[in-house]
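>>> Need a 3D model of the sequence below.
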Amino acid sequence: MLSMFFDDLFRGTSTLVIGLVVIIVFVGLVLYVAMFAGGGSSTSNGGKARRTTLMMVAPLILLCSGAWAYYSYDRFGGISLPSGSMPVWDRPGPWGESERAAKQADRAQQQLRAGDADGARLSLEGALDSYRRARNVLGEAKTLGAIGDIDRRMGRYDIARAAYSDALALYRKEFNRAGVANVLRGLGELERQMGNREPAIAAYSEARELYRLLNDRQGEANTLLSYAELLRNVNEAANARKLYIDAQRLYRLERDRAGQAFVLLGLGDLERDEGQIDRARATYDEAREIFRDDRVRFGEALALLALGDIEIVRREPNAARPFYTEARMILYRDRVMFGEIHSLTGLSLVERLSNNPAKAIEWSRGANAVAAQARDAVSAAALAHLAQHPGTAPPARMRARYYSLR
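Okay, here's the model as predicted:
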């Protein structure tokens, strides 16, 4: 601990120094009061008694403050508040490594939105180093979880699993059940992508129970949505529908209209799988209206893709064309490559059904070009699907799986 202190002192970033200065000033004030307590009657027995009492209290305060500072620095990397719930390094301050880490994490989010997964991961690595120097355990755990999410998206499953495991250990060490639940959900997604049904179910189930204990309806609903997608993909339609309905109920309680719309996409997929085409179309259309009203562009694009797929099933290429075209415009602007692949493949199918093979080949080549540039695991799966089934759109489960990577 002393080596950490002197290292921080050398770099001029030690919050312990600031804390000790505050403590020394406080103790100095106590000693000052002790020296002059009683004023002119300091020679009286009462004045001596007060001075003696304060002189005894001052060392006790110094010892307690020093112990608090030592424990706080050793555990958190800085002076914590009396409640212990919010260390000072978690607040803005030019001396804090955690502030630097938070800025790097924000940069990573911006890079992810711009489609730069590699740059985002490098930023998160920098944030991780800063959190470790600050002894910010919760910040370190959160960053490891974010790194795991990126590696999972890129298909680096072993590396993602290691990051999730480290994050899980840190959250459990800190008795942070919310963090444990979030990481378990990420592990569930990883197992689902790898096709490991039982481990995925175990992770989802444990995460759901933790969210229930925390009364976190949003987290529980998100977990149920992913769990339902898993069951739908293994043809357990009845159980999947039940979970979708449970998730929908929780989203309504939370007044989360976008969450309800994503549930509608899943229910529409079930109806489509069961051959209820008209009913599925109505469900997708309802989801699209919600996404549009709430300005959730990505969700609206997913609903448009689903509506286009429905029209292809109905052999109505002219009805499908505007859906795919509008979806492509949204997804291209937002740089969602898997969505671009889906929309371009859909347009290829439209031209094929319209007896325009040259245009169909052009759209198909465009889809393959985008898939070759994309590096995330879902786009790679879409590329493999295109190679095995040329001229067909990726299945709905890939669309749902992309949502799980958000």
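
>>> and residue 117, how far is that from residue 157?
15 Å (C-beta to C-beta, to the nearest Å). For every residue, glycine as well, the C-beta is placed using N, CA and C.

>>> Equivalent analysis for residue 255, please.
Using C-beta to C-beta, residue 255 is found at 36 Å from residue 157.

>>> more crowded one of those two?
When residue 255 and residue 157 are compared for neighbours, residue 157 comes out ahead with 17 against 8, by other C-beta atoms under 10 Å.

>>> I'd guessed that one sits against residue 189; true?
No - with contact defined as C-beta atoms under 8 Å, residue 157 does not count as touching residue 189 (10.7 Å).

>>> Okay, helices next: where are they in the stretch 251-400 of the chain?
Using DSSP state H, counting those that start in this stretch, the helices of the stretch 251-400 of the chain run over 257-273, 277-293, 297-313, 317-333, 337-353, 357-373, 377-388, 396-404.

>>> Could you pull up the mean pLDDT of the shortest one?
Across helix 396-404, pLDDT averages out at 44.

>>> what does stretch 287-300 give?
Taken as a whole, stretch 287-300 has a mean pLDDT of 94.

>>> Could you list the residues in contact with that stretch?
257-258, 260-262, 264-265, 268, 302-304, 306-307, 330-331, 334, 336, 339, 406 (C-beta atoms under 8 Å, 6 or more residues apart in numbering).

>>> which regions of the stretch 1-150 of the chain sit below the pLDDT cut-off?
For the stretch 1-150 of the chain, the stretches with pLDDT under 70 are 1-55, 57-59, 61-63, 65-96.

>>> 90 instead?
Residue ranges of the stretch 1-150 of the chain with pLDDT under 90: 1-100, 102, 109, 111-118, 133-135.

>>> Break this protein into its domains for me.
Domain ranges of the chain: 2-89, 96-215, 296-406, per automatic domain parsing.

>>> What pLDDT is listed against the residue nearest to residue 252 when sequence neighbours are not counted?
Leaving aside its sequence neighbours, residue 252 sits nearest to residue 260 (C-beta to C-beta, 6 or more residues apart in numbering; 6.3 Å). For residue 260, the pLDDT comes out at 95.

>>> wait, isn't residue 260 in contact with residue 250?
No - if you go by C-beta under 8 Å, residue 260 and residue 250 don't touch, sitting 9.6 Å apart.

>>> These two: which is more packed in?
residue 250 (24 against 21).

>>> before we move on, which element is the more buried one in?
For residue 250, the enclosing helix or strand under DSSP states H and E is helix 237-253.

>>> how big is the angle separating that helix from helix 257-273?
Interaxial angle of helix 237-253 relative to helix 257-273 (axes from the mean of the first three to the mean of the last three C-alpha atoms, to 10 degrees): 160 degrees.

>>> can you start the count at 50 instead of 1 from here on
That works, and once the first residue is 50, the last one we named lands at helix 286-302.

>>> Name all residues that make contact with residue 268.
Listed by C-beta under 8 Å, 6+ apart, the contact partners of residue 268 are 227, 230-231, 234, 256, 260.

>>> Just give me the closest of those to residue 416.
Set against residue 416, the nearest of these by C-beta to C-beta is residue 234 (31.0 Å).

>>> For the closest one, which non-adjacent residue is closest in space?
residue 256 (4.6 Å).

>>> what's the distance between that neighbour and residue 264?
14 Å.

>>> more crowded one of those two?
residue 256 (26 against 8).

>>> ok, the residue nearest to residue 403 when sequence neighbours are not counted - contacts?
Spatial nearest neighbour of residue 403, excluding adjacent residues (C-beta to C-beta, 6+ apart): residue 366 at 4.9 Å. By C-beta under 8 Å, 6+ apart, residue 366 lies in contact with 360, 398-400, 402-403.

>>> Widest-spaced pair of those residues?
Between any two of these, the greatest separation by C-beta to C-beta is 13.7 Å, found for 360 and 400.

>>> Neighbour count: these two, which is higher?
When neighbours are counted by other C-beta under 10 Å, residue 360 and residue 400 differ, and residue 360 comes out ahead with 23 against 19.

>>> Apart from its chain neighbours, what residue comes closest to the more buried one?
Among residues not flanking residue 360 along the chain, residue 369 sits closest, at 3.6 Å (C-beta to C-beta, 6+ apart).

>>> Number of residues surrounding the nearest residue to residue 226 once chain neighbours are set aside?
Spatial nearest neighbour of residue 226, excluding adjacent residues (C-beta to C-beta, 6+ apart): residue 259 at 5.3 Å. Per other C-beta under 10 Å, the neighbour tally for residue 259 reads 21.

>>> Look up which helix or strand residue 259 falls in, please.
Using DSSP H and E, residue 259 sits in helix 246-262.

>>> can you check residue 284 too?
Residue 284 belongs to no helix or strand, assigned by DSSP H and E.

>>> Show the model's pLDDT score for it.
Listed pLDDT for residue 284 reads 87.

>>> where's it relative to residue 362, distance?
In this view, residue 284 and residue 362 are 18 Å apart by C-beta to C-beta.

>>> Residue 346 too?
Residue 346 sits 25 Å away from residue 362, going by C-beta to C-beta.

>>> same thing with residue 181?
To residue 362, residue 181 is 52 Å away according to C-beta to C-beta.

>>> Over to residue 312?
Distance from residue 312 to residue 362, by C-beta to C-beta: 22 Å.

>>> More neighbours: these two, which one.
residue 312 (27 against 14).

>>> and the angle from the one helix or strand residue 233 maps to to helix 246-262?
Residue 233 is part of helix 226-242, with elements assigned from DSSP H and E. Here helix 226-242 runs at an angle of 160 degrees relative to helix 246-262 (the same axes, to 10 degrees).

>>> export helix 226-242 as CSV, just CAs?
Taking C-alpha atoms only, helix 226-242 is exported to CSV below (Å, rounded to 0.1, in the frame of the first residue of the first chain):
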residue,chain,number,x,y,z
ARG,A,226,-25.6,-8.1,-7.5
ALA,A,227,-26.6,-5.8,-10.3
GLY,A,228,-23.2,-6.1,-11.9
VAL,A,229,-23.3,-9.9,-11.5
ALA,A,230,-26.7,-10.0,-13.2
ASN,A,231,-25.6,-7.9,-16.1
VAL,A,232,-22.5,-10.0,-16.7
LEU,A,233,-24.5,-13.2,-16.5
ARG,A,234,-26.8,-11.9,-19.2
GLY,A,235,-23.8,-11.2,-21.4
LEU,A,236,-22.6,-14.8,-20.7
GLY,A,237,-26.0,-16.1,-21.7
GLU,A,238,-25.8,-14.2,-25.0
LEU,A,239,-22.3,-15.7,-25.6
GLU,A,240,-23.4,-19.2,-24.9
ARG,A,241,-26.5,-18.7,-27.2
GLN,A,242,-24.3,-17.4,-30.0
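
>>> Fine by me, thanks again.
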